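1. structure for the following, please:
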Amino acid sequence: MSSAEDITERKLIDRLAPDDLWGLMHGLLATTFDLQPEFLEMDFLPSLFRLGAWDDRSWATRIGLERKLAELEAAVVIMEARRYNVRPRSLRLQLIPANSPHGTSLHAKVTLIVFDQAVRLIVGSANLTEPGYRKNREAVAVITATEKNPAETAVVRDALTGMEAMLADWLTPDANRIISRAKEIIAPWGSGQLKPDNHFQWSGKTTTLWRAFLSNWPSSEPVRKLTIASPFWSEDAGTTVRAFLAELKSRNLLHADIEVLLLTEAFVDTKKQYRPVLPLSYAAFDWKGLGVKVSAQAVSGEVLPEELGGMEGFTGTRPLHAKIVVMEGAKTGLAYLGSANFTAHGWGFLKRETAANIEAGVLLRRRAGSKALQSMLPPLIGLPVLLGAAKPTDLSPPESSPDDPPWPFFIKEVALSTAASGDALQLNISVQPESHLLKWSAVLLGPETIDIPVLVSDEEANNPIRTNYQVPLPPDVLNRILLDQEVTIRWSECLAGRRVPVNVDFAARLCVPISPSSPRIEEGSLLSYYQGQIAWDDLFPVPIAMSLARHASLAAPESGVDKSKIQSYQIRDFVEALSGIRGDLKAVSQAEPSMRLALLGPVSPVALAKTVREAVESGRRTATAAGFQLVEILACLKSVRGLKVPQKLTQTWMAHLDQAHAQVAEVLTQLETKFPQEFTSNGSFARYRKTILTNRKKHVVA
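-> Prediction:
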């Protein structure tokens, strides 16, 4: 928990930038109740990747973010399904709606970021939204495990174990890959024993938060002071606060003079008086019957000028969103900081405890009255209100929230995957058994809600056995899905339908274009990149809606003569690009995702080989000339096999090289099969191929 006096530490968005000592970033896994996609892609991720000033109107900035995501092993966000509104634009970020037909909500807010030499956890009350990271008054713990801090490493290890159990229903292979990598990195660090004063706490399913909290309190020390900060409260006071106090009393832990203070959001009445926002049942409840006095007080929303940081349009107040419980006895202090509101579903005060929300936080044991405990509590404003003796006008009842629209809980996943043909993509829709009883269908919504097309009809879906639907995608439909990134599911309970996000399987990720509206990169542009004339970002055309001037200038010929169709110039440019290919592969040999992207992605030797084949098919190049080019690409791949890569990545490097070599060799075989006379009319090509790939010494990149 950050110090209350340190303004810089209280800016959560500024805590995202990683330390250079942590090395390369491998992956990101986050859970959230609410999500603002524009915040995620325009603020959170740029801050995490240290992309500098973010300009969403700049196409180069957008492409830069896509490249950063492509270089990760995986990036996954799991959110409460009923809160889903729209998908982030990048298909390289997997969005998983977590839903349960039994009413349990995923309410945990945990972000796991994995680096070479560090594993970081951000846990607390903040959703992945602009208010969460910039405007609300939140309570968040930032925990960084490194080899030098075994105490925090133990907390992270505990969190990862609980994460696998609590999120098991929604962990995709990508998500499991991130958790496994985190566990692998921290495995050599420390013994894994938790310090008794720091503990990561998941709750829900089999563990209710109130039971876990009390299990960390000394069994013979009465509670003298209880302070609870929560922006949302159960409507029935007896369900939560009364139940908690009654449990303390039953364990002989309720001190006769206990002080109970409930901290709530502030409401300013017409007389400029600050009142707690709390259900009126708290004023009417008979607290004396429990032998306690319970008061409520509003939390100040005041913001210091130093905290504004140049934010435009900010009102100057911070709404309360922090969830904190501090309990103190004569010696012991115990605090909870996390995602759980003090509600029946948050803390598990339910007849059916398994219906509690999935929550996450940290439990901290400190000395009673310590500065560490006091600094966790937010500043207060207005006068405290003694509950039980309060008038209804002393409190301000919370506004009712609209019900979330229904969610198609029978849909397990909607994802693009590679078809049997290899390069082609298909749509997989997997469903729960007995989904046919709901009479559902899947469609793409076109302009003015015209259905274009039906992906799975209700007749097809009326199948009591089938749980997976593989939908072939013609080019126009695929392009629509790449642009929309959602499909609409209609079912008997929601005839209007609900949009569901489309994800991409790990194996299909390289088949998804960086820019869906862009065609395949031309050979000349790839050669210009490998020659160092243009940047990686410049290889992807700007959409028509944006300015084309900058991109058009990249394709302009160097003089008044257009050399792009003269084969001799084409081959010369190709030869000059060979050293650039080797240099590019050397630069990415330290991280698996970068290896895969540079060897097999849209800017790679494989992509270049395919453009060479296209030049032959369009009549712009002879098959023999293309054959010489493909042999040189194979030689490049052969020359970098001896690169020094991290020992743990040696097999991965070789596997990706073998895959790239096989794909380029297949292109050459296709040309030899289609144009046999050109390759057999004289022996020069065969001799050249043998010399380059067999007899010539390796030109290994040092």
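2. from here on, just use CA atoms for contacts and neighbour counts.
-> Will do.
3. so for G289, what's the pLDDT?
-> According to the prediction, G289 has pLDDT 86.
4. can you pull out the low-pLDDT segments for the stretch 401-550 of the chain?
-> Applying pLDDT under 70 to the stretch 401-550 of the chain picks out residues 421-423, 446-452, 516-519, 541-550.
5. same thing but 50
-> Scanning the stretch 401-550 of the chain for pLDDT under 50 picks out the ranges 545-550.
6. strands of that one, start to end?
-> Secondary structure of the stretch 401-550 of the chain (DSSP state E, counting those that start in this stretch): strands at 411-418, 425-431, 441-445, 451-456, 468-472, 486-491, 494-501, 503-504.
7. check the stretch 201-350 of the chain too.
-> 223-229, 254-264, 266-268, 274-276, 293-299, 324-328, 332-338.
8. could I get the strands of the stretch 401-550 of the chain as TSV with mean neighbour count and distance to A74?
-> Formatted as TSV, these follow (neighbours: other Cα atoms under 10 Å; distance: least, Cα to Cα, whole Å):
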stretch	mean neighbour count	distance to A74
strand 411-418	21	15
strand 425-431	21	19
strand 441-445	21	27
strand 451-456	16	28
strand 468-472	16	24
strand 486-491	21	20
strand 494-501	19	17
strand 503-504	24	11
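9. and the next element down the chain from the lowest-mean-pLDDT helix or strand in the chain?
-> Using mean pLDDT, DSSP states H and E, helix 549-554 stands out as the lowest-scoring helix or strand of the chain, at a mean of 36. For helix 549-554, the following helix or strand on the C-terminal side (DSSP states H and E) is helix 567-587.
10. residues in contact with that next one: which ones?
-> 527-528, 530-532, 563-564, 595, 598-599, 605, 620-621, 625, 629, 632-633, 636-637, 639-640, 643, 701 (Cα atoms under 8 Å, 6 or more residues apart in numbering).
11. average pLDDT across that helix?
-> Per-residue scores along helix 567-587 average to 81.
12. buried sites along that helix?
-> 570-571, 573-575, 577-578, 580-582, 584-586 (16 or more other Cα atoms under 10 Å).
13. send me that helix as CSV with only the CA atoms.
-> Coordinates of each C-alpha in helix 567-587 appear next as CSV, following Å, rounded to 0.1, in the frame of the first residue of the first chain:
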residue,chain,number,x,y,z
GLN,A,567,13.8,-7.4,-62.8
SER,A,568,17.5,-6.6,-62.6
TYR,A,569,16.7,-3.8,-60.1
GLN,A,570,14.4,-6.0,-58.2
ILE,A,571,17.1,-8.6,-57.7
ARG,A,572,19.7,-5.9,-56.8
ASP,A,573,17.4,-4.6,-54.1
PHE,A,574,16.8,-8.1,-52.9
VAL,A,575,20.6,-8.8,-52.6
GLU,A,576,21.1,-5.5,-50.7
ALA,A,577,18.4,-6.6,-48.2
LEU,A,578,19.9,-9.9,-47.3
SER,A,579,22.2,-8.5,-44.6
GLY,A,580,19.2,-6.7,-43.2
ILE,A,581,17.3,-10.0,-42.9
ARG,A,582,20.2,-11.5,-40.9
GLY,A,583,20.5,-8.4,-38.7
ASP,A,584,16.8,-8.4,-38.0
LEU,A,585,16.8,-12.0,-36.9
LYS,A,586,19.8,-11.4,-34.7
ALA,A,587,18.0,-8.5,-33.0
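14. that older thread, output the strands of the stretch 401-550 of the chain as a markdown table; include the columns distance to S400.
-> A markdown table is the format used below for those (distance: least, Cα to Cα, whole Å):
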| stretch | distance to S400 |
| --- | --- |
| strand 411-418 | 29 |
| strand 425-431 | 34 |
| strand 441-445 | 32 |
| strand 451-456 | 35 |
| strand 468-472 | 39 |
| strand 486-491 | 28 |
| strand 494-501 | 23 |
| strand 503-504 | 34 |
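15. and of those, who's closest to I692?
-> Nearest of the strands of the stretch 401-550 of the chain to I692, taken as Cα to Cα: strand 411-418 at 33.8 Å.
16. which residues touch the closest one?
-> Contacts for strand 411-418 (Cα under 8 Å, 6+ apart): 424-432, 500-505, 507-508, 511.
17. and the angle for it with strand 468-472?
-> Between the axes of strand 411-418 and strand 468-472, defined by axes from the mean of the first three to the mean of the last three Cα atoms, to 10 degrees, the angle is 40 degrees.
18. picking up where we left off before, dump the buried residues of helix 567-587 to TSV, plus distance to L263.
-> Listed next are these as TSV, based on distance: Cα to Cα, whole Å:
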residue	distance to L263
Q570	72
I571	73
D573	70
F574	69
V575	71
A577	66
L578	66
G580	62
I581	61
R582	62
D584	57
L585	57
K586	57
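19. could you work out the most separated pair of those?
-> The distance between the two most remote of these (Cα to Cα) is 24.7 Å, for Q570 and K586.
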